[in-house]
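> Return atomic coordinates for the entry below.
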Amino acid sequence: MADMGRYLKKHTEALVKDVGIEAACTLTGKSKATLGRYYSDHDEHADRFMPVDAVAALEEAASFPHVTSALADLNGITLSYDDRRRNDSDKGGVNTDVIALSQRFGMLMAEYHQSIEDGIITVNEAKRLLKETLALQQVLVEMKLHLEEETET
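Numbering: from 1, shown residues only. Below is the predicted model:
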């Protein structure tokens, strides 16, 4: 089996174990045996891989997008994983985005001010700044999408 196949099967197994085998069976409608074949490294199952719709269903329930991340790695793509799980699926509109943007920018500036007080930005402070920067970037992306939606109508 090619190294790529082994790599994908390893991450498929991690995905199934993350969700739990029983839950994975329920979410995908597949049996334990079928799911096992998707990540088996036996030669007889070398050409069997989990269908994309099953991966999507499992990754929605998982703590991390194991297979998507593996595919990105194999293609030299860097992903930015947003682990926020919002209680409200309504994203609001541009006005909501502007408020969120202001709040996030304020948090970034507060973090920066605290980090630079002693004239040195430590590794932990840099990590916190990076986290705030990524959160700000996510708000900007959502705002861009909402603006694009408004221009289509």
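> In this protein, what helix or strand scores lowest on average pLDDT?
helix 123-152 (a mean of 87; mean pLDDT, DSSP states H and E).
> helices and strands around that one, which ones?
The helices and strands touching helix 123-152, judged by 3 or more C-beta pairs under 8 Å, 6 or more residues apart in numbering; DSSP states H and E, are helix 94-116. C-beta coordinates here come from the backbone N, C-alpha and C atoms, glycine included.
> Show me the contact partners of the helix it packs on.
With C-beta atoms under 8 Å, 6 or more residues apart in numbering as the contact definition, helix 94-116 has outside contacts at 121-122, 125-126, 128-129, 132-133, 135-136, 139-140, 142-143, 146-147, 150.
> So Gly5 sits against Ala46, correct?
Yes. Taking C-beta atoms under 8 Å as the definition, Gly5 is a contact partner of Ala46 at 6.3 Å.
> Domain map for the chain?
The record, using automatic domain parsing to delimit domains, assigns the chain the ranges 3-74, 94-152.
> what distance separates the shortest one from the centre of its chain?
Domain 94-152 has its average C-alpha position 18 Å from the chain's average C-alpha position, going by C-alpha atoms, centre = their mean, to the nearest Å.
> and Ala56, how many neighbours?
For Ala56, the number of neighbouring residues by other C-beta atoms under 10 Å comes to 14.
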